[in-house]
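J.: starting from these lines, generate the structure:
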Amino acid sequence: MIELLKSDDIVNKCGGRFKLTALIQRRWLQILQGARPMVESRGLTPLEVVVKEIADGKIEMELGCTDYDYRSESGAQEFSSEPE
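T.: Numbers count the residues shown, from 1 in each chain. Now for the predicted structure:
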């Protein structure tokens, strides 16, 4: 099952190696914390389950973009490089 990680097909399916790694890590943690596998997991390690779920198209990464103005909530002062 881990042989799937050697091909570029699964990497391209996720949009790159970094995204694939992040997806594997997140789902692997869910599995270890008790989430139910979405594929037949008999005889497979948790990592193999995650890779099979990705290869079968059962899970995919959803990236959200949140605009956040860090100054609005923290009350931070604005600083200037010009002398007063």
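
J.: any idea of the pLDDT on Gly15?
T.: At Gly15, the model reports a pLDDT of 87.

J.: isn't it right up against Glu62?
T.: No - applying C-beta atoms under 8 Å, one finds Gly15 not in contact with Glu62, separated by 11.1 Å. Heads up, the C-betas are built off the backbone N, CA and C, glycines and all.

J.: which one of those two is surrounded by more residues?
T.: Legend: neighbour count by other C-beta atoms under 10 Å for Gly15 and Glu62, higher for Gly15 (13 against 6).

J.: and that one, how far from Pro37?
T.: Per C-beta to C-beta, to the nearest Å, Gly15 is found 23 Å from Pro37.

J.: equivalent analysis for Leu44, please.
T.: Counting by C-beta to C-beta, the gap from Leu44 to Pro37 is 8 Å.

J.: quick one: buried residues of stretch 43-59?
T.: 46-47, 49-55, 59 (16 or more other C-beta atoms under 10 Å).

J.: can you lay out those as TSV showing pLDDT, distance to Asp8 and secondary structure?
T.: Output for the buried residues of stretch 43-59, formatted as TSV (pLDDT from 0 to 100; distance: C-beta to C-beta, whole Å; DSSP: H, G, I helix; E, B strand; the rest coil):
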residue	pLDDT	distance to Asp8	secondary structure
Pro46	94	24	helix
Leu47	93	19	helix
Val49	94	22	helix
Val50	94	18	helix
Val51	93	14	helix
Lys52	93	18	helix
Glu53	93	19	helix
Ile54	92	14	helix
Ala55	90	13	helix
Ile59	87	19	coil
